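> Next come a sequence and a model predicted from it.
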Amino acid sequence: MFVQAATVHSHVVERDFVASLACGDYTRLTGALSDIDEALHDAAD
């Protein structure tokens, strides 16, 4: 159930938020998310 809800949520975010971003904003967003992901992995170690 959780995985299905997460999948639906990701599609809504993609459709309503990410798809409307300008290229430069998309690049900044994905870079920031990558930085957050890396920091979370570092904190878990």
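Received, thanks.
> Can you say which helix or strand has residue 33 in it?
If you go by DSSP states H and E, residue 33 is part of helix 23-44.
> Buried residues, that helix. List them.
For helix 23-44, a neighbour-count test (16 or more other C-beta atoms under 10 Å) marks nothing as buried. For glycine as for every other residue, the C-beta is placed from the backbone atoms N, C-alpha and C.
> Could you list the residues in contact with it?
18, 21 (C-beta atoms under 8 Å, 6 or more residues apart in numbering).
> pLDDT of that helix, averaged?
In this model, helix 23-44 has a mean pLDDT of 94.
> Distance from that helix to the middle of the chain?
The chain centre lies 8 Å from the centre of helix 23-44; the measure is C-alpha atoms, centre = their mean, to the nearest Å.
> Pick out the residue nearest the middle of the chain.
Most central in the chain under C-alpha atoms, centre = their mean is residue 33, positioned 6.0 Å from the mean C-alpha point.
> CA-only coordinates of the helix holding residue 33 in CSV, if you can.
The C-alpha coordinates for helix 23-44 follow below in CSV (Å, rounded to 0.1, in the frame of the first residue of the first chain):
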residue,chain,number,x,y,z
CYS,A,23,15.2,24.2,-17.5
GLY,A,24,17.5,26.2,-15.2
ASP,A,25,15.1,25.8,-12.3
TYR,A,26,14.9,22.1,-12.9
THR,A,27,18.6,21.8,-12.9
ARG,A,28,18.8,23.7,-9.6
LEU,A,29,16.1,21.6,-8.1
THR,A,30,17.7,18.3,-9.1
GLY,A,31,21.1,19.5,-7.9
ALA,A,32,19.6,20.5,-4.5
LEU,A,33,17.8,17.1,-4.2
SER,A,34,21.1,15.4,-5.0
ASP,A,35,22.9,17.4,-2.3
ILE,A,36,20.2,16.5,0.2
ASP,A,37,20.4,12.8,-0.7
GLU,A,38,24.1,12.8,-0.3
ALA,A,39,23.9,14.6,3.1
LEU,A,40,21.3,12.0,4.3
HIS,A,41,23.6,9.2,3.3
ASP,A,42,26.5,10.8,5.0
ALA,A,43,24.5,11.3,8.2
ALA,A,44,23.4,7.6,8.2
